[in-house]
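Participant: Sequence and predicted structure, then a few things I'm wondering about:
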Amino acid sequence: MNLPDVSIGLAHHNRAALVGQSCPDKVRQVLEPDRCIDARETISQWADYEPTALHRFDDLAAKLELDSVYYKDESTRFGLGSFKALGGAYAVQRVLHQALKTQLGDAAISLDDINQQRYPDLVDNMTVVTATDGNHGRSVAWGAQRFGCQCVIYMHENVSPARQQAVEAYGARVERVAGNYDDSVHQADHDAHQNAWQIVSDTSYPGYMEIPCDVMAGYTVMTTEAMDQLPNNLIPTHVFIQGGCGGLAGAVCADLWFRYGADMPHLVVVEPQPAACLYQSALAGNPQVVHIVDESLMAGLSCGEVSLLGWDILKAGARHFLTISDAPVVPLMQLMASGAGGKTPVVAGESAIAGLAGLIGTVNNPQLAREIGLDTKSRILLFGTEGATDPALYRELTGTRVEEVIPPGSQS
Ligand SMILES: Cc1ncc(COP(=O)(O)O)c(C=O)c1O
């Protein structure tokens, strides 16, 4: 197997991270374990719920001289093609639940009442709204359709038309915004206040914490599934996780910490160099804004502002912050498609392979590998956070159609 040449751009060792300690109260207060349990109970009741696959990449582990590499494959999640299906849609359910309880003054209304669409006329009058680079908006639109409310999605000018169509297919209205992702966040916020719509954002900011916290609680379904699927209660030594605003990485960090306590794996956050807001924040010791000039190919990771909730967890729990360029993205998507990671071909989208790129780049850099403690005993867990969320772009980039990687009907 030929691995693409991956190099790490910037690397920061977070000396503020707590090592060898059980999960501190300050992290439990940001994302409460009970909140994650509620999310898992609710999402597992959705009609089409099933855990996604956890692949073991033996060839890759051998090539990198590691004990094992596991890859949680979110390409099949609810037919939406990314882990984001777990967050936005769940938060929509919670928002509608809360709004209905307030409107009817009836505390007995349950989340299941929303799931079963027991108040269709009232819910039909409610509108949820968010900004997105694709995946989160798709989840919110899907949730809105599923539970029966209205939905408006804000997309910046660089989001591909296919990603717009995917959102519209769930009945949402799309508003295009000039500028980048952060501009679309601000526009959505502004319009929601004008129209009394409910914002369901995946990123948190001062005064807006509750709903993104539900989004993150939804993401922990993925982490908990992965931890349950690891054989013989294996505890990973390292987790390389991609960062956009940090909601995902924060949720993963907290959930690992809840389960493994003092054996918490060494968590490494990997971001695209032009949008390294988590890296910059770790360097400065407090949240920093990065003004994005060049959009990364890893569209889902192209965020210039950290989610405060994610940051509050990561500053205590993430040991390293790395950046990568776009150069390895397509070769790694192709490598996954060829099945070189293991026996199984995997459809990995542009934002899915950043953790893998961070791992390979670290192995290629002996000093960094030593600092991070990678060796032949290392057990790595990666999260392949999306599949071909834009199939035409996937084909253009990899030269392969999704159906050639995974022939229809071959995955049960
Ligand atoms: C496929 C994919 N992976 C990772 C992320 C990063 O998540 P977060 O922005 O919560 O850090 C995103 C965000 O949109 C995404 O779409």
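Facilitator: Thanks, I have the structure now.
Participant: what's the closest residue in space to Val92 that isn't next to it in sequence in contact with, if anything?
Facilitator: Nearest residue to Val92 in three dimensions, chain neighbours excluded: Gly143, at 3.4 Å (C-beta to C-beta, 6 or more residues apart in numbering). Glycine gets a C-beta too; all of them are placed from N, C-alpha and C. Gly143 makes contact with Gly88, Ala89, Tyr90, Ala91, Val92, Gln93, Val128, Val200, according to C-beta atoms under 8 Å, 6 or more residues apart in numbering.
Participant: The last one is in contact with Val140, isn't it?
Facilitator: Yes. Counting by C-beta atoms under 8 Å, Val200 touches Val140, with 5.1 Å between them.
Participant: which residues do those two both contact?
Facilitator: Gly88, Ala91, Val92, Val128, Thr130.
Participant: Name the residue most distant from the centre of this protein?
Facilitator: Gly105 (34.9 Å; C-alpha atoms, centre = their mean).
Participant: do you know how far that residue is from the ligand?
Facilitator: Look at Gly105 and the ligand: by C-beta to the nearest ligand atom, to the nearest Å, they are 35 Å apart.
Participant: same thing with Ile241?
Facilitator: The value you get for Ile241 to the ligand, if C-beta to the nearest ligand atom is used, is 8 Å.
Participant: and what of Gln145?
Facilitator: The value you get for Gln145 to the ligand, if C-beta to the nearest ligand atom is used, is 19 Å.
Participant: for the residue of the stretch 101-250 of the chain found nearest the ligand, what are its contacts?
Facilitator: Nearest to the ligand, among the residues of the stretch 101-250 of the chain, is Gly244, at 2.6 Å (C-beta to the nearest ligand atom). Contacts for Gly244 (C-beta under 8 Å, 6+ apart) come out as Glu271, Ala275, Gly300, Leu301, Ser302, Cys303, Ser351.
Participant: where's the third one relative to the ligand, distance?
Facilitator: To tie it back to what came earlier, the one meant is Gly300. Distance of Gly300 to the ligand, given as C-beta to the nearest ligand atom: 3 Å.
Participant: That residue and Asp133 touch, don't they?
Facilitator: Yes. Under the contact definition of C-beta under 8 Å, Gly300 touches Asp133, with a separation of 5.8 Å.
Participant: quick one, which of the two is more surrounded?
Facilitator: Gly300 (28 against 24; other C-beta atoms under 10 Å).
Participant: who does the lengthiest helix in the chain touch, helix- and strand-wise?
Facilitator: Scanning the chain for the helix with the most residues, using DSSP state H, yields helix 210-229. Under the contact criterion of 3 or more C-beta pairs under 8 Å, 6 or more residues apart in numbering; DSSP states H and E, helix 210-229 touches helix 33-43, strand 54-56, strand 68-73, helix 88-104, helix 247-260, helix 308-317, strand 379-384.
Participant: partner strands of the shortest one, parallel or antiparallel?
Facilitator: Put plainly, it is strand 54-56. When pairs are called by DSSP bridges, strand 54-56 turns out to pair with strand 68-73 (antiparallel).
Participant: okay, the strand it pairs with in PDB with CA atoms only?
Facilitator: Output of strand 68-73 as PDB, limited to C-alpha atoms (Å, rounded to 0.1, in the frame of the first residue of the first chain):
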ATOM      1  CA  SER A  68      -4.400  -1.100  15.600                       C
ATOM      2  CA  VAL A  69      -6.400   1.500  13.700                       C
ATOM      3  CA  TYR A  70     -10.200   1.600  14.100                       C
ATOM      4  CA  TYR A  71     -12.400   3.800  11.900                       C
ATOM      5  CA  LYS A  72     -16.000   4.700  12.800                       C
ATOM      6  CA  ASP A  73     -17.700   5.000   9.400                       C
END
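Participant: quick one, that strand and strand 379-384 angle?
Facilitator: 20 degrees (axes from the mean of the first three to the mean of the last three C-alpha atoms, to 10 degrees).
Participant: The chain should start at 647 in everything you say after this.
Facilitator: In the new count, where the first residue is 647, that last one comes out as strand 714-719.
Participant: how about strand 714-719: buried residues?
Facilitator: Ser714, Val715, Tyr716, Tyr717, Lys718, Asp719 (16 or more other C-beta atoms under 10 Å).
Participant: Which residues does that strand contact?
Facilitator: Under C-beta under 8 Å, 6+ apart, the answer for strand 714-719 is 698-704, 706-707, 868, 871-872, 875-876, 880, 882, 987-988, 992, 1002, 1005, 1025-1030, 1033.
Participant: quick revisit: and the longest helix of the chain, does that touch the ligand?
Facilitator: No. For helix 856-875, no contact with the ligand is found by C-beta under 6 Å from any ligand atom; the gap never falls below 7.6 Å.
Participant: That helix versus helix 893-906: what angle between them?
Facilitator: Using the same axes, to 10 degrees: helix 856-875 against helix 893-906 is 50 degrees.
Participant: Which elements pack onto the helix or strand just after helix 856-875?
Facilitator: Sequence order places strand 884-888 as the next helix or strand after helix 856-875, per DSSP states H and E. Where contact means 3+ C-beta pairs under 8 Å, 6+ apart, strand 884-888 is packed against helix 893-906, strand 912-918, helix 1000-1009, strand 1025-1030.
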